[in-house]
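[1] give me a model of this one.
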Amino acid sequence: MNARVGEVRVRVRYAETDQMGVVYHANYFVWFEVGRVELLRQLGFSYRDMEQNDGCFIAVVDARCRYKAPARYDDEILVRTHLKNARESLVHFGYELVRASDGVLLAEGETTHIVTDAEMKVRAIPEKFMKVFREAAGKV
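    This is a model prediction of the structure:
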């Protein structure tokens, strides 16, 4: 089984660029979050559901990005997100950012998250989410 890939489009706003007209590096992590939230929505639930209904929070403990080519103002970016792995209290996402107009890979990255309760104590991922995560990662 192949891993499920979510895709969302974002358009580079002028405020996201630096003095050279290139997207400021930290904005890529914002787009990773947009992709992650949309992937979860495509899998049938949301961060809000996890937090409010299950007291389950996903905190970033590691974030990496490899920049391949510059993104510029008004570029349309495809944010492709996939679940790399999920185990007891850890979730690992992968990302690709591609310019829509020419398919150029702009950046790739990954984030690792621990699952906590509202007091930031590590907890296990509820089985209803773990089942979906395993399927999305192609590890059924």
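[2] which residues in this protein form helices?
    Using DSSP state H, the helices found in the chain span residues 27-42, 47-54, 127-136.
[3] quick one: which of those is nearest Arg66?
    Closest approach to Arg66 among the helices of the chain (Cβ to Cβ): helix 27-42, 9.7 Å. Yep, even glycine has a C-beta here, placed from its N, CA and C like the rest.
[4] closest to Gly103 out of the helices of the chain?
    When these are ranked by proximity to Gly103 (Cβ to Cβ), helix 27-42 comes first, at 17.0 Å.
[5] angle of that closest one against helix 127-136?
    110 degrees (axes from the mean of the first three to the mean of the last three Cα atoms, to 10 degrees).
[6] and helix 27-42, how far out from the chain middle?
    Centroid separation for helix 27-42 versus its chain: 4 Å, with Cα atoms, centre = their mean, to the nearest Å.
[7] tell me the centre residue of this protein?
    In the chain, the residue lying closest to the centroid (Cα atoms, centre = their mean) is Arg36, at 2.9 Å.
[8] list the contacts for that one?
    By Cβ atoms under 8 Å, 6 or more residues apart in numbering, the residues touching Arg36 are Thr81, Phe93, Thr111.
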